[in-house]
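>>> pasting the sequence and the predicted model now:
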Amino acid sequence: MALPAFLVFFIFHTVPVFQGMMYSFTNYKGYGDFNFVGLKNYINLFQDQRILASYGFTFKFAIVSTLLVNIISLAIAMGLNAKIKFRNTLRAVFFVPNILSVLIVGFIFNYLFAFFIPQIAEKLGITSLTQNILGNPDLAWVGIVIVAVWQAVAFNTILYLAGLQTIPTELYEAASLDGAGKWKSFIHITFPLIASFFTINMVLAMKNFLMVFDHIIAMTNGGPGQSTEAISVLIYKGGFSGGEFAYQAANSVIYFILIVVISVLQIKFLQKREVDM
């Protein structure tokens, strides 16, 4: 029964991966003939300032977004796990962003940044927000972070909420009898017992943000200039419309290796921390 699914996966995923790796050693433009050039594409990658800038932006974006998502989602999850009114309704509301199309969300926030927020800021006299931040090369990445974090928080909150529900309430009652406050209960009970969920969220969030694509396409298309050109966006532009198919294939191989290495290092480090806790 697994054979049809395996064949589909192999034909439409594994075979193209190996084809891309093969093309990375050529000068293929996406059409016509090509010749093998060895490691030339890989050597040129480390000398290309546009490539290096895209990696710098992507890592900056991924690190900031991962930290914000985990802090915010953990705080929301703790609030939704408390004994409050309309708890189930609020859980559903907070999950809504996760089911919305990334492109639709991007276009909506694009409108908010371009028209709504500047108009409100102008009436309130906040001059720093009267211009569209997506048109500012120094601030455009902040707008993308806001949107990406807002949407990603929904999924991470659900994972943290699942972890919080595994903690026996008797532990909090015992800690309360011993005079422990909410902060000490969080440090010594809550966080250690959801350490595995923290590991999962950190790894998934970092991986997803390193692969950011839709948000940037919908909001800035890599601009202004090349200030928000993530690695995936550069691979797409150069590979499919820039005549750099083989060159960007080599870039995608390096990109893939980096994501795997970072994910493995995260898992090893965070799982070691789980044991220490």
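Perfect, thanks for sending it.
>>> can you list the weak-confidence ranges in this protein?
273-277 (pLDDT under 70).
>>> what residue lies at the spatial centre of it?
In the chain, the C-alpha nearest the mean C-alpha coordinate belongs to Phe209, at 1.8 Å (Cα atoms, centre = their mean).
>>> now tell me what touches the one helix or strand that one maps to from outside.
Using DSSP states H and E, Phe209 sits within helix 195-210. Helix 195-210 is contacted by residues 58-59, 61-63, 65-66, 69-70, 73-74, 148, 152, 156, 159-160, 162-163, 191, 231, 258-259, 262-263, 266-267, 270-271, 273-274, 277 when judged by Cβ atoms under 8 Å, 6 or more residues apart in numbering. C-betas here are computed from N, CA, C, even on glycine.
>>> now that we have those, which of them are buried?
58-59, 61-62, 65-66, 69-70, 73-74, 148, 152, 156, 159-160, 163, 231, 259, 262-263, 266, 270 (16 or more other Cβ atoms under 10 Å).
>>> looking at these, which are in helices?
58-59, 61-62, 65-66, 69-70, 73-74, 148, 152, 156, 159-160, 163, 231, 259, 262-263, 266, 270 (DSSP state H).
>>> would you check how far apart the residue nearest to the centre of the chain and Arg50 are?
To Arg50, Phe209 is 21 Å away according to Cβ to Cβ, to the nearest Å.
>>> please, where are all the helices along the stretch 51-200 of the chain?
Along the stretch 51-200 of the chain, counting by DSSP state H, counting those that start in this stretch, helices occupy 87-99, 102-111, 117-124, 140-164, 169-177, 182-185, 191-193, 195-210.
>>> and the ones you listed, which is most packed in?
Most buried of the helices of the stretch 51-200 of the chain by mean neighbour count (mean count of other Cβ atoms under 10 Å) is helix 140-164; its value is a mean of 21.
>>> angle of it against helix 87-99?
140 degrees (axes from the mean of the first three to the mean of the last three Cα atoms, to 10 degrees).
>>> could you say what helices and strands helix 140-164 packs with?
With contacts defined as 3 or more Cβ pairs under 8 Å, 6 or more residues apart in numbering; DSSP states H and E, helix 140-164 has these neighbours: helix 49-81, helix 87-99, helix 102-111, helix 195-210, helix 214-219.
>>> let me have these in CSV, extended by distance to Thr130.
Converted to CSV, the helices and strands packed on helix 140-164 look like this (distance: least, Cβ to Cβ, whole Å):
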stretch, distance to Thr130
helix 49-81, 25
helix 87-99, 27
helix 102-111, 16
helix 195-210, 29
helix 214-219, 19
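>>> what's the closest of the ones you listed to Ser176?
Across the helices and strands packed on helix 140-164, Ser176 has its closest neighbour in helix 49-81 (16.1 Å, Cβ to Cβ).
>>> name the helices or strands packed onto that closest one?
By 3+ Cβ pairs under 8 Å, 6+ apart, helix 49-81 packs against helix 87-99, helix 140-164, helix 195-210, helix 231-240.
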